[in-house]
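Colleague: pasting the structure only:
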Ligand SMILES: *Cc1c(COP(=O)(O)O)cnc(C)c1O
C-alpha cells in the first residue's frame, strides 16, 4: 500500500459491533479469562493487554501506523514530543557516555542536553549543522549517539541526513533524528541511515492544535529498549490522545500538501517586501541548503521564517498588527500562527547563542495553516505595511 492508503487503512481489528471507525478504549486495565492466561500474558508468551501504561489498542494502532509510515519495524508512543526525545536518549545512554548534537535543536531538547543529562554524567558536544565535515573530530571513545533535527525549529537549518548517516555507521553510533517539522510524509530519515526517529505528534500529526503526543520509531531491538523505559517510568499517551492522533494521520498527506503549497506561496511573495531583509524556507533557492532539502524532502514543509529590518520593536509591532493570524506558540495547526522568538521563547537566551541557531531580533516564525493563502498574504502584507 502507498503512504496515503496505509495512513487510512491500517486500523485496529473491528469489534463485534462492526464499527467502521476505531472506537476509543478508555480503560486503565484489561481482564483475563483465567490465571493461566494471565500468567502467559505477563510472561510475554501470549499477546494481550495488561495495563494501559504498557499497551492499549488505541496506542497500538497509532504505533503500527507510524512505524509503517516511517518505514521501520516498530514505534512507541509517548505523552509528548519531549517524552519521545527524552526516552530515546535515556533508554540508551549511561553515565560517562557522550552525545554529539546539532546546535540547531528545539529549545527544550537543548535544555535536556545542557541542564539535565550532566546530572547523570552524560555530556554533549554541540556541532554546527552546516559543517558536518567538522563533526568527526568531536567523536570520543565514549561517544554513543548523534542527535539532529531537520528542518530545525525555528532556524530551518537543513542537515544532510545521508552524510550524518554514513558518519554514524562508520563509528557505530546511534543516529537520532527529530523529524517533527517534516513528518514521514515529507521525509523518512530511516532511508538515510537514521536508527531512531522522534516526533512531537502535537504539531503536524495532530494538525489541529488539540492534543499533545510523541512518537519514537526504529527497529525492534531499539524500540524494545524505548518501550521498556516508558513502561517503567510512565510517560504514557492517553488512549483518547492516541485515537485523535491516529484519526489525524488519515488526513496527513492532504494537509501537508496544502501546508507546503501555502508556505511556498507566502515565502515567494514576501521575498521582495521592503520591510523584510531575508525569507527562510527550505524550498526557496536562496536557502543555503536548498539542494540538500530537495534531495531528502518531498516538499519544503509548513514553516516559513523571515527577518524584519526593524529588529526587536519591528517584530513586536508586526505581531500586534496581525488581524487573522494567531499569536501562539504551537505550530502545525490548521490555523496560521506567528511567533517572535527573540521576545518570547528565547528572551532569556544570550544573543550569541540565539544567533548560533539563527534567531535574530527581527525574526518572525510563521506556521502556515490551511486557510486560503490570499487571506494570509493580505493579513501579513497589511501588518508589514
Ligand atoms: C514542539 C517540538 C518538540 C516538543 O514536543 P512537545 O509535544 O511540545 O513535547 C520537539 N521537537 C520539535 C522540533 C518541536 O517542534
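Modeller: Arrived safely. Note that the coordinates shown come from a computational prediction; the quantities given were computed from them, not determined experimentally.

Colleague: make it CA atoms for all contacts and neighbour counts henceforth
Modeller: Fine.

Colleague: Give me the pLDDT value at residue 357.
Modeller: The model reports residue 357 with a pLDDT of 81.

Colleague: for the one 5 residues further on, same thing?
Modeller: Among the per-residue scores, residue 362 holds a pLDDT of 94.

Colleague: Now it. Its backbone dihedrals?
Modeller: The phi/psi pair for residue 362 (degrees, to the nearest 10) reads phi -100, psi 10.

Colleague: who touches it in this structure?
Modeller: Neighbour list for residue 362: 306, 307, 308, 309, 310, 311, 312, 313, 314, 315, 340, 342 [criterion: CA atoms under 8 Å, 6 or more residues apart in numbering].

Colleague: what about 7 Å?
Modeller: Residues counted as contacts of residue 362 (CA atoms under 7 Å, 6 or more residues apart in numbering) are 307, 308, 309, 310, 311, 312, 314, 315.

Colleague: Is it correct that residue 277 falls within a strand?
Modeller: Yes: according to DSSP: H, G, I helix; E, B strand; the rest coil, the state of residue 277 is that of a strand.

Colleague: Return the residues in contact with it.
Modeller: With contact set as CA under 7 Å, 6+ apart, residue 277 has these partners: 307, 308, 309.

Colleague: returning to that earlier point: could you flag which of the contacts of residue 362 are buried?
Modeller: Neighbour-count burial within the contacts of residue 362 applies to 307, 308, 309, 310, 312, 314, 315; the criterion is 16 or more other CA atoms under 10 Å.

Colleague: just those now: which is nearest the ligand?
Modeller: Nearest to the ligand among these, counting by CA to the nearest ligand atom, is residue 307 at 19.7 Å.

Colleague: From the contact counts, what lies against the strand or helix carrying the closest one?
Modeller: Taking DSSP states H and E as the criterion, residue 307 maps to strand 303-308. With contacts taken as 3 or more CA pairs under 7 Å, 6 or more residues apart in numbering; DSSP states H and E, strand 303-308 sits against helix 252-270, strand 276-280, strand 363-367.

Colleague: which outside residues touch the helix or strand following it?
Modeller: For strand 303-308, the succeeding helix or strand toward the C-terminus, using DSSP H and E, is helix 311-321. Residues outside helix 311-321 that contact it (CA under 7 Å, 6+ apart): 308, 340, 361, 362, 363, 364, 383, 384.

Colleague: same thing but at 8 Å, please
Modeller: If you take CA under 8 Å, 6+ apart as the criterion, helix 311-321 is touched by 308, 327, 338-340, 342-343, 360-364, 382-384.

Colleague: What of stretch 251-267?
Modeller: Here stretch 251-267 makes contact (CA under 8 Å, 6+ apart) with 4, 7-8, 185, 204-205, 207, 279-281, 283-284, 299-304, 368-370, 372-373, 377.

Colleague: at 7 Å instead, please
Modeller: Contact with stretch 251-267 is made by 4, 185, 205, 279, 281, 299-304, 368-370, 373, 377, as judged by CA under 7 Å, 6+ apart.

Colleague: now stretch 61-78
Modeller: Applying CA under 7 Å, 6+ apart, the external contacts of stretch 61-78 come out as 3, 7, 10-12, 59, 84, 184, 188, 190, 213-220, 223, 227, 235-237, 242, 246.

Colleague: follow-up on the earlier one: identify the farthest-apart pair in the contacts of stretch 251-267.
Modeller: Farthest apart among these by CA to CA are 4 and 279. That separation is 31.2 Å.

Colleague: can stretch 81-93 be found next to the ligand?
Modeller: Yes: applying CA under 6 Å from any ligand atom, one finds stretch 81-93 in contact with the ligand at 81, 82.

Colleague: and that stretch, which residues are buried?
Modeller: For stretch 81-93, a neighbour-count test (16+ other CA under 10 Å) marks 81, 82, 83, 84, 85, 86, 87, 88, 89, 91, 93 as buried.

Colleague: Same question for stretch 171-189.
Modeller: 173-189.

Colleague: next one: stretch 55-72
Modeller: For stretch 55-72, using 16+ other CA under 10 Å, the buried residues are 55-72.

Colleague: one step back: closest to residue 36 among the contacts of stretch 251-267?
Modeller: Using CA to CA, the shortest approach to residue 36 within the contacts of stretch 251-267 belongs to residue 205, at 40.0 Å.

Colleague: Count the residues that sit near the closest one.
Modeller: Residues within reach of residue 205, counting by other CA atoms under 10 Å, total 30.

Colleague: so residue 100 bridges to which residues?
Modeller: Taking DSSP bridges as the rule, residue 100 bridges to residue 125, residue 146.
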